[in-house]
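Peer 1: Sequence and predicted structure, then a few things I'm wondering about:
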Amino acid sequence: MIRWTLSVNQECEFVEPSEEIVNIFVPTDANDKPVKISFFSPAAGMDVFHFHFRADGADERRLKPLLSLSSEFNRLVFQTEVVHSGSSQYRDMRSARIFSISRGFDLFRSGASMETMLSVDATLDYKSSVVTIDHDVLFTLVGSDAGKSLIDCLGLDGPESAEVHRIPLAVSCHLKRPLPNRTGPVGKLYMQARILDYLSGLVDFALAEKVTRPTGYRASSRAKALHDYLIQIDGPIPTMETLAKEFNRSSRSLNEDFSREYGMPIHAFMMEHRMRRAHEAIENTNAPLKVISANLGYSHVNHFNAAFRRKFGYPPGSLRKSGKP
């Protein structure tokens with residue numbers, strides 16, 4: 001059973017695989033264009049999903065929560081997601097690991113169930129294809145030895161595993177084209193052929209020991225996920241202990257990863273970011289300084305005034321009175 005729970009508390013539940021193409025259009029927010037989800041089962045033990053999120057040009061969130069996914073397959077499956085445009089981030093709700101994927105960086109999973117939250121870069125259209133194949137079917141298609149070697153090369157040897165790998169577009173391009181215009185025997189063969197082409201290229205690539213992530217990829221991905229999280233929160237800055245627990249990393253390692261990616265420690269970045277936000281809010285809105293300071297996590301407006309003066313050399317009130325210091 002595959003259950004999609006979307007951010008507006010709407011739920012789409014696929015209980016049985018469908019031999020016909022099913023298109024579902026679901027809004028994620030009140031004013032959003034709907035997300036298109038297409039679902040097709042071209043063969044027993046083989047399912048295909050296509051996602052299409054259309055950016056409306058008004059949403060400037062670099063990380064927009066889109067949907068949560070809770071899946072119970074009742075058997076071991078191999079799953080891959082290939083991004084065709086845009087970028088996304090998955091948070092595994094069980095392990096707390098975060099996976100950032102984009103064109104050329106594919107997500108691979110293996111297990112009998114999963115529970116994740118999908119967020120997308122809302123400034124760009126997002127398109128991706130997800131293929132799910134039973135382990136038994138995979139081993140039949142590519143051979144038992146090759147199938148087991150593929151799982152091992154991708155780092156999916158745990159009971160519930162997921163990894164991101166850099167895969168050549170020449171391999172993943174086979175999943176880029178849309179679902180067939182018609183189903184029936186011809187449509188099924190068309191989709192099966194594309195999946196077989198993809199698997200053949202993936203196995204050749206992986207078994208040649210070319211499956212790699214760029215140096216520091218996981219650390220960089222984690223740092224970017226932390227950055228996206230930090231710029232969206234209001235109120236007090238989370239402690240390093242809280243962030244370390246949230247991102248399943250030691251405080252020291254998390255701070256080192258972030259500093260390497262953004263050139264400054266987490267706390268320094270947050271102070272810099274929040275002061276810029278405060279400056280923009282004072283210039284462009286009529287919000288009281290007390291409200292602005294509270295949103296930025298200051299317990300008293302006088303503390304905010306002092307920090308603002310240290311940063312810019314003039315008090316926030318002078319900026320509001322004249323529009324410039």
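Peer 2: Happy to help now that I have it.
Peer 1: and the nearest residue to E241 once chain neighbours are set aside, how many neighbours?
Peer 2: Among residues not flanking E241 along the chain, S251 sits closest, at 6.3 Å (Cβ to Cβ, 6 or more residues apart in numbering). Yep, even glycine has a C-beta here, placed from its N, CA and C like the rest. A count of nearby residues for S251, using other Cβ atoms under 10 Å, gives 15.
Peer 1: Tell me which residue lies nearest the centroid of the chain.
Peer 2: By Cα atoms, centre = their mean, the chain has its centre lying nearest to Q89, at 1.0 Å.
Peer 1: isn't that one right up against Y126?
Peer 2: No. Q89 is beyond contact range of Y126, at 10.9 Å (criterion: Cβ atoms under 8 Å).
Peer 1: what is in contact with the two at once?
Peer 2: When contacts are counted by Cβ atoms under 8 Å, 6 or more residues apart in numbering, Q89 and Y126 are jointly contacted by V120.
Peer 1: Buried residues of the longest strand that the chain contains, list them for me.
Peer 2: Counting residues, the longest strand found in the chain (DSSP state E) is strand 64-85. Within strand 64-85, the residues scored as buried using 16 or more other Cβ atoms under 10 Å are 64-71, 73, 77-84.
Peer 1: Same check on stretch 256-263?
Peer 2: Neighbour-count burial for stretch 256-263 [16+ other Cβ under 10 Å]: D257, F258, E261, Y262.
Peer 1: Please report the distance of the first one from G104.
Peer 2: Look at D257 and G104: by Cβ to Cβ, to the nearest Å, they are 21 Å apart.
Peer 1: and the residue nearest to H273 when sequence neighbours are not counted, how far is that from V203?
Peer 2: Closest residue in space to H273, ignoring its immediate chain neighbours: I231 at 6.1 Å, by Cβ to Cβ, 6+ apart. Separation of I231 from V203 (Cβ to Cβ) stands at 40 Å.
Peer 1: These two: which has the busier surroundings?
Peer 2: Per other Cβ under 10 Å, whichever of I231 and V203 has more neighbours is V203, with 20 against 15.
Peer 1: my read: that one touches D145, true?
Peer 2: No. Applying Cβ under 8 Å, one finds V203 not in contact with D145, separated by 10.6 Å.
Peer 1: mind listing what D136 touches?
Peer 2: Per Cβ under 8 Å, 6+ apart, neighbours of D136: G45, R75.
Peer 1: With L319 instead?
Peer 2: H279, I282, E283, F312, P325.
Peer 1: Can you lay out the residues you listed as CSV showing distance to I98 and neighbour count?
Peer 2: Output for those, formatted as CSV (distance: Cβ to Cβ, whole Å; neighbours: other Cβ atoms under 10 Å):
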residue, distance to I98, neighbour count
H279, 30, 17
I282, 33, 19
E283, 34, 12
F312, 34, 15
P325, 40, 12
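Peer 1: Narrow these to those in helices?
Peer 2: Those of those mapping onto helices are H279, I282, E283, F312, per DSSP state H.
Peer 1: any idea what sits nearest the third one, other than its immediate chain neighbours?
Peer 2: Distances taken as Cβ to Cβ, 6+ apart put L319 closest to E283, at 6.5 Å, once the chain neighbours are dropped.
Peer 1: Make sure that neighbour is indeed in a helix.
Peer 2: Yes. Remark: L319 belongs to a helix, assigned using DSSP: H, G, I helix; E, B strand; the rest coil.
Peer 1: Tell me the spacing between it and G143.
Peer 2: Counting by Cβ to Cβ, the gap from L319 to G143 is 68 Å.
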